[in-house]
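J.: Fold the following, please.
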Amino acid sequence: MQFKEFLMQEKKIVLTSYGNGDSIDKISISLYDDNYESEDNASNYCTTINNLELKDNSWIYAKIVSANTPYNMQEFIPYNLKDLILKLDNLALQKVIREIDSKVLAQALVYEKEDIRDKIFKNVSKNACKMLIDDIKFFTPSLKADIKQAQDKIMNVILELLRYGEIISPYDKEAVDNYL
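T.: Next up, the predicted model:
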């Protein structure tokens, strides 16, 4: 049996990338037999892997891919809120901020470093900046799960604005389209 015939037998290909920051350290390829009616093993694996929280700037990302399709390696680096915000231009960031409740923004920034906070603060009015700083202090004892939920809300707003072309992507268009 040839490899191509092997792939045609209800198998799904999953690429799992491991890295740190914006570099990929390792990629693994897995084949999943998804001919069970009740479960989608490949999708479950990807969901589980993509929900893991690693320390520092380390990350892991899994994606189901098609055989014999060229991919840009940037597609296998997961988007994270910090990278997206730092790479957005000021007009795009201001549009994003207008779409987000100020309490959600404050909670998302609780444990973020100065570079991301500074970029946000520079893109709001002085009064909004003061209120945002006060709100961040209020949310400081927040649970990591609550902060992650707030960050996910912001990420969803950014991805929606990208999807509808209301802001320009700081990433390769093809990679963003595949992510969406």
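J.: Lys12 sits in which helix or strand?
T.: strand 11-20 (DSSP states H and E).
J.: Contacts for that strand next, please.
T.: Here strand 11-20 makes contact (C-beta atoms under 8 Å, 6 or more residues apart in numbering) with 7, 24-34, 41-42, 45-46, 49, 56-67, 71, 76-77. For glycine as for every other residue, the C-beta is placed from the backbone atoms N, C-alpha and C.
J.: Sort out for me which of those are in helices.
T.: Leu7, Asn41, Ala42, Tyr45, Cys46, Ile49 (DSSP state H).
J.: burial of the third one, as a residue count?
T.: It stands for Ala42. Burial of Ala42 is recorded as 20 neighbouring residues (other C-beta atoms under 10 Å).
J.: Check it and give its pLDDT.
T.: Ala42 carries a pLDDT value of 82.
J.: shouldn't it be in contact with Ile29?
T.: No: between Ala42 and Ile29 there is no contact under C-beta atoms under 8 Å: 12.0 Å.
J.: hang on, the earlier thing: considering the ones in helices among the contacts of strand 11-20, which is situated nearest to Ile167?
T.: Cys46 (26.6 Å; C-beta to C-beta).
J.: And for the closest one, nearest residue in space, chain neighbours not counted?
T.: Using C-beta to C-beta, 6 or more residues apart in numbering and skipping residues adjacent in sequence, the residue nearest Cys46 is Ala62, 4.2 Å away.
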